[in-house]
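J.: Need the 3D shape of this:
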Amino acid sequence: MYARSPFLESIRRTMRLRGYALKTEKSYLYWIRFYINFHKKRHPKEMGRDEVIAFLDYLANERAVSANTQSIALNAIGFLYNKFLELPLENLNFQRSTKPRKLPTVLSVNEVSVVINELSGIHKLIVQIMYGSGLRVSEALRLRVQDIDFDKNSVTVRSGKGGKDRVSLLSQQLKPELKQQIQVALAVQRLDNQKRIGPYMPMALGRKYPFAYKTPAWMFLFPSTTISKHSVSGELCRFHLHHTVIRKAVKRATLSAKLNKRVTCHTFRHSFATHLLESGTDIRTVQELLGHTDVKTTQIYTHVIGQHYAGTQSPLDRIFE
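T.: Got it, this is the predicted structure:
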């Protein structure tokens, strides 16, 4: 794919040097390639403000993408010109996408229980953490042994969305299973260490702590079953489980549970937030647990449970009073 293009490959290397997350790297390269192909493979240096506006207008009017998707595309193009080419873009008066944001799918407590009971083993444990701590699937899979604090009943999410760290709740119910899973993960690490292999380490940390791969704290809680090459150094290492493993497990469990809802891994994070608000938890607390920068993002869950019109009675009910 993009690795075959020297230009896109140089953008990829720049993002790696700047420490961008792999997910961000993949997303930005997708939109930059889309932008170039949209303009019939003209070099970005030959284009500028007008071509960027035309592309963003196309996304809003022809593709009808959501405002969030258009914003991601803008961030990618912004990186291309502002950071990589060092040709700053100014006065981008483009058509903002007006596709409305949809309310998230949320399961009832009983529905969450039904789906979880259709899972087993490590798949069940990961989904329980996503629901019990409000984690994204990527955040749950990236957890390392050091991120679980049994004394404080907390889970530390490192380099979450936006590169931010945060602390969330740890369910008391999961302690025995998590302690057992840690022992399983450490056993894998010991065998790997005998072959001079360890868990995937970000390059900067790998250089600063060259023997960290032998330290239990850095071992992934949910290690992959296979060995891979480090995305930058090319050295052999063990990554965490791939997100598709859990997504497929959730899909199978939902079908077995016979729910008439579209359930994804993110549904459990939505359900976590909604159920906390329903139980009376302050919205600012929920905001911090989810890692939202703006409380407006968290407020969508008040619409899910109807808090935005709390105390308002339907006029039909007054007829029968």
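
J.: hang on, isn't Leu107 packed against Ser271?
T.: Yes. Between Leu107 and Ser271 there is a contact under Cβ atoms under 8 Å: 4.8 Å. Every C-beta, even on glycine, is put in place using the N, C-alpha and C of the backbone.

J.: quick one: which of those two has more around it?
T.: Using other Cβ atoms under 10 Å as the criterion, Leu107 and Ser271 rank with Ser271 on top: 25 against 22.

J.: Just the CA atoms from the helix or strand harbouring Val184 would do, formatted as CSV, please.
T.: According to DSSP states H and E, Val184 maps onto helix 175-194. What follows is helix 175-194, C-alpha atoms only, in CSV (Å, rounded to 0.1, in the frame of the first residue of the first chain):
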residue,chain,number,x,y,z
LYS,A,175,-9.4,-9.2,40.7
PRO,A,176,-9.0,-13.0,40.9
GLU,A,177,-9.2,-13.4,37.1
LEU,A,178,-6.8,-10.5,36.4
LYS,A,179,-4.3,-11.9,38.9
GLN,A,180,-4.4,-15.3,37.2
GLN,A,181,-4.1,-13.6,33.7
ILE,A,182,-1.0,-11.7,34.9
GLN,A,183,0.6,-15.0,35.8
VAL,A,184,-0.2,-16.4,32.4
ALA,A,185,1.3,-13.3,30.7
LEU,A,186,4.4,-13.4,32.8
ALA,A,187,4.9,-17.1,32.0
VAL,A,188,4.8,-16.1,28.3
GLN,A,189,7.3,-13.3,29.0
ARG,A,190,9.8,-15.7,30.7
LEU,A,191,9.8,-18.1,27.8
ASP,A,192,10.3,-15.1,25.3
ASN,A,193,13.1,-13.7,27.4
GLN,A,194,15.0,-17.0,27.0
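
J.: residues of that helix that come out buried?
T.: Across helix 175-194, burial judged by 16 or more other Cβ atoms under 10 Å covers Glu177, Leu178, Gln181, Ile182, Ala185, Val188, Gln189, Asp192.

J.: Now do the same contact list for Glu177.
T.: Shown in contact with Glu177 (Cβ atoms under 8 Å, 6 or more residues apart in numbering): Leu125.

J.: Look up how far Thr254 lies from it.
T.: Between Glu177 and Thr254 the distance is 22 Å, computed by Cβ to Cβ, to the nearest Å.

J.: Go ahead and confirm Pro88 touches Phe79.
T.: No. Assessed by Cβ under 8 Å, Pro88 is found out of contact with Phe79, at 11.7 Å.

J.: Neighbour count for these two, which is higher?
T.: Phe79 (20 against 9).

J.: Hmm, Tyr28 and that one touching each other?
T.: Yes. Taking contacts as Cβ under 8 Å, Phe79 lies within contact range of Tyr28: 5.8 Å.

J.: Touching both of these two, which residues are there?
T.: Counting by Cβ under 8 Å, 6+ apart, the residues touching both Phe79 and Tyr28 are Met15.

J.: give me every residue that touches the residue nearest to Val145 when sequence neighbours are not counted.
T.: Spatially, and ignoring its direct neighbours in sequence, Val145 is nearest to Met219 (5.0 Å; Cβ to Cβ, 6 or more residues apart in numbering). Neighbour list for Met219: Arg144, Val145, Ala185, Leu186, Val188, Gln189, Gly198, Pro199 [criterion: Cβ under 8 Å, 6+ apart].

J.: what's the pLDDT at the fourth one?
T.: Residue-level confidence at Leu186 comes out at 97, pLDDT.

J.: Contacts only, for it.
T.: Neighbouring residues of Leu186 by Cβ under 8 Å, 6+ apart: Val145, Pro216, Met219.

J.: Let me know how buried the second one is, in neighbour terms.
T.: Pro216: 13 surrounding residues under other Cβ under 10 Å.

J.: check contacts around it.
T.: Val145, Leu186, Gln189.

J.: Distance to Gly291 added to those, as CSV?
T.: Shown next, in CSV, are the contacts of Pro216 (distance: Cβ to Cβ, whole Å):
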residue, distance to Gly291
Val145, 21
Leu186, 28
Gln189, 28
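
J.: Was I right to think Ser133 contacts Gln172?
T.: No. Taking contacts as Cβ under 8 Å, Ser133 lies outside contact range of Gln172: 12.0 Å.

J.: Neighbour count for the two, which is higher?
T.: When neighbours are counted by other Cβ under 10 Å, Ser133 and Gln172 differ, and Ser133 comes out ahead with 23 against 10.

J.: Compute the distance between that one and Asp57, please.
T.: Counting by Cβ to Cβ, the gap from Ser133 to Asp57 is 40 Å.

J.: And for Lys83?
T.: Separation of Lys83 from Asp57 (Cβ to Cβ): 23 Å.

J.: Could you do Cys265 as well?
T.: For Cys265, the distance to Asp57 - Cβ to Cβ - is 33 Å.
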